[in-house]
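Visitor: Take a look and give me a structure for this.
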Amino acid sequence: MKRFPLYTLLLTLLCGGSAMAAEVRDLYEAEVPVADQQGEARQEAMRAGLAEVLVRVTGYSAVAQDPALADLLDNASRYIQQYRYRALTPAPVTDPAAPPPTLALWMSFDANTINQALRSRGQPVWGSARPLLLVWLAVESGNERRLVAAAESVSHQALELAARRRGLPLRLPLLDLEDQARVTAADVWGGFAEPVMAASARYQPQAVLIGRLYHDRQGGWHGRWTLRVGDEAMNWDSSGTTPDAVLALGVEGSADALAMRFSQIVDPERGSVLSLRVDDVRTLADYARLLSYLDALSGVTAVQVTEVGPQTVTCRLTLEMGAGAVARTIGLGSTLATVAGSAPLPPGELPLELRYRLLP
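Guide: Have a look, this model is predicted:
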C-alpha cells in the first residue's frame, strides 16, 4: 500500500462534491527538543517522537500508553528512516536553573513498517485523507462575546498547533460580510446549529466544531464544545489554566471523535470483498488514474478488474477491514463520487457492490 510519509501538515485541499477533505502529509515525522547529541538523549527523543507519530497515525491520544505498543516504543530506533539535528532559535531565559533547549532532533519513521506493526497488534490506522474541521469559536471577555476569525493569529495558532499534533486539517471562518450576514456570536454561543451549519456550507467541511471560551473569577478558563458530523452531534466541556490549554482540549476531543469514525482496524476474521462499479471512465488516462487510486486506498490489499464496458469499469477489491470503513475513506477524497440511488451497504452480505463515478 502506498503512503505519504511526510508531515508538517502541508495540506492539499481536495474539493469533493459536497465536502472538503485534505491530504495530510508528514504524518510519520516528528521533531523533539534535546539537551545534547549524546546517545541517551537521542534514544529518549526517538521514543518521544515515535509516541507522537503513533497518536497521529492511530488518531487516539492514549495509544502510546497501551501495553501492546510498549515494545515499539522501547525499540523506536528500529523504525527510523532518517534523522538530523536542528538548532532552535534561542528563547528568553525565564528560569536560569532550567534554560530552554537550543537543539531539536528531527526524525522520519518508516510508514509501512509502523502500519504493519499497528495492524498486527489490532490497532487502528488512520490514512492520510482526513476530514476538514471548521471551527466556530466565540470568546467571552467581560460583557462582550465575539467570534474569532482566521486572521486572529493568537487563537488560530493555538488551535493549529493542537491540530498539527493530531494530524487534523483545521480552519477558521473568514468572518467576512457573507459570514456576518449568516451567523452571529450569539448564534455560536447559544449553540444554534441551523445558522452555524448554513454559514459553514461555503467552506465545505466534513466536521464543524462549535466552541465557547470563557474564564471565571478565579482566573481559570473553560470551554464548551459541540462537534457536528453529518446529523450527529457530540458535546463536552474542558477546563485549564490558560486559553491555549482549553483550545487544545477542544481539538483533542474532536480528533478522538473523528478517529473513531474514520480510522480502520484490521479484523482477520472479517476480511471481505467489495465490488466497485465506476462510471465516467472515458480514456486510458482515466483508467490508469482509477486503478492507481484504488491500489493506494487504505484498507485495500488487492484490486482486480472484472469487467470493462463503455465508460464503465467494475473492480473487485480485497479488503483487510470492513467495507464500510473503506467506503468512508473513499468519501473523504475527490477521486470518486457516489452515484445517486446507490444501495446502502448490506451488513454481513458478501460480495458487496457500490457504484461511483470518476471525477475529473
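
Visitor: From now on I want contacts and neighbour counts done on CA atoms only, so please keep to that.
Guide: OK.

Visitor: CA atoms only: put stretch 63-77 into PDB for me.
Guide: C-alpha atoms of stretch 63-77 as PDB (Å, rounded to 0.1, in the frame of the first residue of the first chain):
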ATOM      1  CA  VAL A  63      -2.300   4.900  22.300                       C
ATOM      2  CA  ALA A  64       1.200   5.400  23.500                       C
ATOM      3  CA  GLN A  65       0.200   4.200  26.900                       C
ATOM      4  CA  ASP A  66      -1.100   0.900  25.500                       C
ATOM      5  CA  PRO A  67       1.000  -2.000  26.900                       C
ATOM      6  CA  ALA A  68       0.600  -3.700  23.500                       C
ATOM      7  CA  LEU A  69       2.800  -1.000  22.000                       C
ATOM      8  CA  ALA A  70       5.500  -0.900  24.600                       C
ATOM      9  CA  ASP A  71       7.900  -2.900  22.500                       C
ATOM     10  CA  LEU A  72       7.500  -0.500  19.600                       C
ATOM     11  CA  LEU A  73       8.400   2.500  21.800                       C
ATOM     12  CA  ASP A  74      11.300   0.600  23.500                       C
ATOM     13  CA  ASN A  75      12.800  -0.100  20.100                       C
ATOM     14  CA  ALA A  76      11.900   3.200  18.400                       C
ATOM     15  CA  SER A  77      15.200   3.500  16.600                       C
END
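
Visitor: Verify the stated contact: residue 230 with residue 209.
Guide: No. Look at residue 230 against residue 209 with Cα atoms under 8 Å: they stay out of range, at 11.9 Å.

Visitor: more neighbours, these two?
Guide: It is residue 209, of residue 230 and residue 209, that has more neighbours when counted by other Cα atoms under 10 Å, with 23 against 9.

Visitor: Which helix or which strand is home to that one?
Guide: strand 207-215 (DSSP states H and E).

Visitor: quick one: strands adjacent to that strand?
Guide: Sheet pairing here is set by DSSP bridges, and for strand 207-215 it gives strand 133-141 (parallel), strand 221-229 (antiparallel).

Visitor: Neighbours of residue 198, how many?
Guide: Residue crowding around residue 198 was assessed by other Cα under 10 Å; the count is 12.

Visitor: For it, which non-adjacent residue is closest in space?
Guide: The spatially closest residue to residue 198, leaving aside those adjacent along the chain, is residue 182, at 7.4 Å (Cα to Cα, 6 or more residues apart in numbering).

Visitor: Repeat that for residue 115.
Guide: Nearest non-adjacent residue to residue 115 (Cα to Cα, 6+ apart): residue 125, at 6.7 Å.

Visitor: give the contact list for the one you found.
Guide: Contact partners of residue 125, counting by Cα atoms under 8 Å, 6 or more residues apart in numbering, are 57-59, 115, 118-119, 263-265.

Visitor: Distance from stretch 184-199 to the middle of the chain?
Guide: Taking the mean of its C-alpha atoms, stretch 184-199 sits 24 Å from the chain's own mean (Cα atoms, centre = their mean, to the nearest Å).

Visitor: my bad, should have said stretch 314-331
Guide: When distances are taken as Cα atoms, centre = their mean, stretch 314-331 is centred 19 Å away from the chain's centroid.

Visitor: and if you look at stretch 272-286?
Guide: 27 Å.

Visitor: Quick check: the residue nearest to residue 115 vs residue 252, distance?
Guide: Using Cα to Cα, to the nearest Å, one gets 17 Å for the distance from residue 125 to residue 252.

Visitor: List the contacts of residue 63.
Guide: Neighbouring residues of residue 63 by Cα under 8 Å, 6+ apart: 54-55, 69.

Visitor: so where's the stretch 1-150 of the chain uncertain?
Guide: Regions of the stretch 1-150 of the chain meeting the criterion pLDDT under 70 cover residues 1-21, 90-98.

Visitor: Mind jotting down where the helices sit in it?
Guide: Assigned by DSSP state H, counting those that start in this stretch, the helices in the stretch 1-150 of the chain fall at 39-58, 70-74, 111-120.

Visitor: buried sites along the second one?
Guide: What that stands for is helix 70-74. If you call a residue buried by 16 or more other Cα atoms under 10 Å, then helix 70-74 has these buried ones: 72-73.

Visitor: And the contacts of it?
Guide: 47, 50-51, 64.

Visitor: my guess is residue 167 meets residue 58, correct?
Guide: No. Distance between residue 167 and residue 58: 9.9 Å, which falls outside the contact criterion (Cα under 8 Å).

Visitor: where does the stretch 251-360 of the chain dip in pLDDT?
Guide: Scanning the stretch 251-360 of the chain for pLDDT under 70 picks out the ranges 266-271, 340-352.

Visitor: Break down it into its helices, ranges please.
Guide: Taking DSSP H, counting those that start in this stretch to define them, one finds helices in the stretch 251-360 of the chain at 284-296, 323-332.
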